[in-house]
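# My questions concern the predicted model and sequence given below.
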Amino acid sequence: MSPRDSFAEASSGKESSVSRSQPQENGVESALHSMESVHGLEEILQQSVVKTIDQNLVEFSEALRSVAKVLRCVVEGRASAQAEAAEWKRKLEIERARNMHLKLKEMSIEDTPIDNGDKRLRNTSNQAETRNSSNMATERCCGNHGICTHEVLRDRNSESESSAVAKMMCRKASFKLAWGCKGERNGQHKHDVVSFERGNITTAERSSKQISLKWETDPQTVFVLTKPNSTSVRILCSEMVRWLKEHKKLNVFVEPRVRKELLAESSYFDFVQTWEEDEEILLLHTQVDLVITLGGDGTVLWAASMFKGPVPPVVSFSLGSLGFMTPFQSEFYKESLDAILKGPISITLRHRLICHVIRDGAKDELETEEPMLVLNEVTIDRGMSSFLTQLECYCDNSFVTCVQGDGLILSTTSGSTAYSLAAGGSMVHPQVPGILFTPICPHSLSFRPLILPEYVTVRVQVPFNSRGQAWASFDGKDRKQLSAGDALICSMAPWPVPTACQVDSTNDFLHSIHEGLHWNLRKTQSFDGPQDL
Ligand SMILES: NC(=O)c1ccc[n+]([C@@H]2O[C@H](COP(=O)([O-])OP(=O)(O)OC[C@H]3O[C@@H](n4cnc5c(N)ncnc54)[C@H](O)[C@@H]3O)[C@@H](O)[C@H]2O)c1
Ligand SMILES: Nc1ncnc2c1ncn2[C@@H]1O[C@H](COP(=O)(O)OP(=O)(O)OP(=O)(O)O)[C@@H](O)[C@H]1O
C-alpha cells in the first residue's frame, strides 16, 4: 500500500492495516497503540507533503530549464545578430580603408620625393600609391578554372597601368606571391582542391604550399624596429643602419626613440627618417618595403601591432631569449639581408585575429571601440578578482560553453606556442588556418581545449549574473575591463603578417619547437636488451 493510500485510509477514520490485525489490549497498550498510529499518520503526512513538494520542485526545475533554454535562444539570436554585425563592420572597415587609399591616390598632393632634410613620412601621390589586400588582384595562374592551388597575387596597380606610369607612381617595390604546387603535370596545374567527377569526391594531391615572395622592383625603404633598453641591440642597430645606407643605398625608417639614440651616437645618422605624429604610422605600410626587427618575439609582436591593416614582409633577427618567431641569426645579418633583398623569399603568412569590444550599453552593434589586431592571442581573464570568471562563449550562432575558471585564450596558430601552450593548448603549425580555444585553469575535469576553423566568429560575453568582471588583453598588452553584458567578438583578420623564413615554414617551425622548447627531447633507449623474437 503506497503512503498516499495509507494516508487516505487513515484520514477517512478507518484504522490502518497495522492496527486492524491487533487483538483488544488494556488502556496503556491502547494509548501506546494510538500514539503509534498518530506517529504513523504524521510520517505519512510528512511523506505525502514531501512527495508533493518534490513533485512541485520537479515541475519548477523543468520550468526553469525551459526558461533558461528560451533565454539561451534569445542570447544566441542576439549573438548571431552581433556576429553578423561584426562581420559587416569588418567589411565596412576594409572598404573604408580601400576608399581612403583610393582618395589618397586621387588627391593632387605635390609629387616630391622623400626629402632627407625633412625626416617625416611624406604623403605624396606616388607614395600615396598604396595597396592593401582589397587592392591586390588575384590572377589565376592558368585560365579561369576552379580553385587553383597556386594563385599568383599581384599588385593590380602595377598591373593595370602602363609600366612607365607604374614605375613613376608606385614608390613601393612591387612583388608577387606564389604557392609552390606539386600538382603540376605536363604544365597542367591541379585546379580543384576537391574534384567530384562522376560523383567521386577526391581531393587534389597535396602541394608544397610553401609561399614565396618575389620582388618585381627593388625594395627602396626598410623600417628597423628594435627592442628597447638593450645595449647589444643598439650596437647592432647602428652597424646595420650604416650598412643598409652605404652598401644597399636604402632609405631607413626607425621609431623616434631609435633616431634619437642614433643621433646621440653620431650626427652621421641624420639620414634616418621617422615620424612626429602617431597618425603618420597609418601611412607606414604605403612606403615601407621591408620591416626588420632586432629583439625577441615581443619585438615581432610590437612590429605587427604598428600595422592596423596590411603588413609589409617582416625579417626578424633573434636577440631575445626564446626566439620562436625570430629565425635569423644577427651574426649573419649581411648575408641574410643580401639574400632577402634579392629574393625570392620563403614566407609564412601568420594570420592575425581582429577583436571588437561591444559594450552592453552600445546603441548598436556598429558602435564598438577601435578594433584590436593580435598576432598571438587575446585573453579574457579574471584580472585581480578572486572570483571565477563566467564567460558565455558562442561560435557563429551556436552556444559553445560557459567558461568557469581563470579565463579563456583565443589564439592564432602562431600564438599556439605562447600563452595557449602554457595553458595546455596544442602546438599548431603557423600555416594551419584555425583559432585555438584554450581555457585558463578551468574548474572542471572535462574541459579540453578546442581548435576552431579560421572562418568562424567567436563571441565571448560576460553574463549578467557573473560575480566578477573580466579583463581582455591583446598579445599580453592593452588590458580592457569587461563588465556584465559586455562582449568581445573575435574573427580572423584579412591582414596576415608575412614573416620571412630562414629555410621554409615547416622547417622553421620544427626548429623553433626543438631549440626553443626542447620538444620531446629524450635520451634514446639503448639497443642492447630484450628483443622482439
Ligand atoms: N604564462 C605564459 O606563458 C604567458 C603569460 C603571459 C604572456 N605570455 C605570452 O607573452 C606574449 C607577449 O610576449 P612579450 O615578449 O611581449 O612578453 P614577454 O617579454 O613577457 O615574453 C613572454 C614570453 O613569451 C614568448 N613568446 C611570445 N610570443 C611567442 C610565440 N608566438 N611562441 C612562443 N613563445 C612566444 C616570448 O619569447 C617570451 O619569452 C603574449 O602574447 C603571450 O602569448 C605567456
Ligand atoms: N620597439 C619597441 N617598443 C616598445 N616596446 C617594445 C619594442 N620591442 C619590443 N618591446 C617590448 O619589449 C618586451 C621584450 O621584448 P622581446 O620579447 O622582444 O625581448 P625578450 O623578452 O628579451 O625576448 P623573448 O621574447 O624572446 O623572451 C616585450 O614585452 C615587447 O612588447
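Sure thing, it's come through. Ligands and ions are numbered 1, 2, ... in the order given.

# Point out where the protein drops to low pLDDT.
1-36, 38, 41, 44-45, 47-50, 52-53, 67-171, 180-195, 205-208, 363-368 (pLDDT under 70).

# Domains in it, by residue range?
As assigned by the TED database, the chain contains the domains 214-343, 353-494.

# Out of those, the one nearest residue 179 is which?
Taking C-beta to C-beta as the criterion, domain 353-494 is the member of the domains of the chain that comes nearest to residue 179, at 10.8 Å. Where you see a C-beta, it was placed from the backbone N, CA and C, and this is true even at glycine.

# who touches residue 320 in this structure?
227, 295-299, 326 (C-beta atoms under 8 Å, 6 or more residues apart in numbering).

# Which positions in the protein make contact with ligand 2?
Selection of the chain residues close to ligand 2 by C-beta under 6 Å from any ligand atom yields 225-228, 255, 295-299, 301-302, 320-323.

# ok, so of these, who is nearest ligand 1?
Proximity of the residues of the chain next to ligand 2 to ligand 1 (C-beta to the nearest ligand atom) peaks at residue 298, which lies at 2.4 Å.

# Parallel or antiparallel, which strands does the longest strand seen in the chain pair with?
Ranked by number of residues, the top strand in the chain under DSSP state E is strand 398-411. According to DSSP bridges, strand 398-411 forms sheet pairs with strand 377-381 (antiparallel), strand 389-395 (antiparallel), strand 434-442 (antiparallel).

# wait, which of the domains of the chain is closest to residue 64?
domain 353-494 (13.4 Å).

# Residue 490 against residue 353, yeah?
Yes - if you go by C-beta atoms under 8 Å, residue 490 and residue 353 touch, sitting 5.3 Å apart.

# can you put the domains of the chain in JSON lines and add distance to residue 201?
Output for the domains of the chain, formatted as JSON lines (distance: least, C-beta to C-beta, whole Å):
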{"stretch": "domain 214-343", "distance to residue 201": "34"}
{"stretch": "domain 353-494", "distance to residue 201": "19"}
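
# could you dump those domains to JSON lines with distance to ligand 1?
Output for those, formatted as JSON lines (distance: least, C-beta to the nearest ligand atom, whole Å):
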{"stretch": "domain 214-343", "distance to ligand 1": "2"}
{"stretch": "domain 353-494", "distance to ligand 1": "3"}
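
# before we move on, the earlier item: packed most tightly, which of the strands paired with strand 398-411 would that be?
Of all the strands paired with strand 398-411, strand 377-381 carries the top mean neighbour count, a mean of 25, counting by mean count of other C-beta atoms under 10 Å.

# Keeping just the C-alphas, turn it into PDB.
Only the C-alpha atoms of strand 377-381 are listed here, as PDB (Å, rounded to 0.1, in the frame of the first residue of the first chain):
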ATOM      1  CA  GLU A 377      46.200  35.800 -28.800                       C
ATOM      2  CA  VAL A 378      43.500  37.600 -27.000                       C
ATOM      3  CA  THR A 379      43.000  36.500 -23.400                       C
ATOM      4  CA  ILE A 380      39.900  37.200 -21.200                       C
ATOM      5  CA  ASP A 381      40.800  36.600 -17.600                       C
END
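
# quick one: contacts of that strand?
353, 355, 372, 389, 391, 406-412, 415, 418-420, 436, 440, 460, 470-476, 482, 488, 490.

# And the strands in the stretch 251-400 of the chain?
251-254, 290-295, 314-318, 328-329, 345-350, 353-358, 372-374, 377-381, 389-395, 398-411 (DSSP state E, counting those that start in this stretch).

# can you count the residues close to the nearest residue to residue 306 once chain neighbours are set aside?
In this structure, residue 306 finds its nearest non-sequential neighbour in residue 281, 5.8 Å apart by C-beta to C-beta, 6 or more residues apart in numbering. Neighbour count of residue 281, defined by other C-beta atoms under 10 Å: 14.

# can I assume residue 281 is in contact with residue 275?
Yes - taking C-beta under 8 Å as the definition, residue 281 is a contact partner of residue 275 at 6.3 Å.

# one step back: to residue 453, which of the strands paired with strand 398-411 lies closest?
strand 434-442 (6.3 Å).

# Strands of the stretch 401-533 of the chain, start to end?
Going by DSSP E, counting those that start in this stretch, the stretch 401-533 of the chain shows strands at 434-442, 450-453, 458-461, 470-474, 477-482, 487-492, 497-500.

# would a markdown table of these with distance to residue 309 be doable?
Shown next, in a markdown table, are the strands of the stretch 401-533 of the chain (distance: least, C-beta to C-beta, whole Å):
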| stretch | distance to residue 309 |
| --- | --- |
| strand 434-442 | 20 |
| strand 450-453 | 24 |
| strand 458-461 | 22 |
| strand 470-474 | 16 |
| strand 477-482 | 18 |
| strand 487-492 | 14 |
| strand 497-500 | 12 |
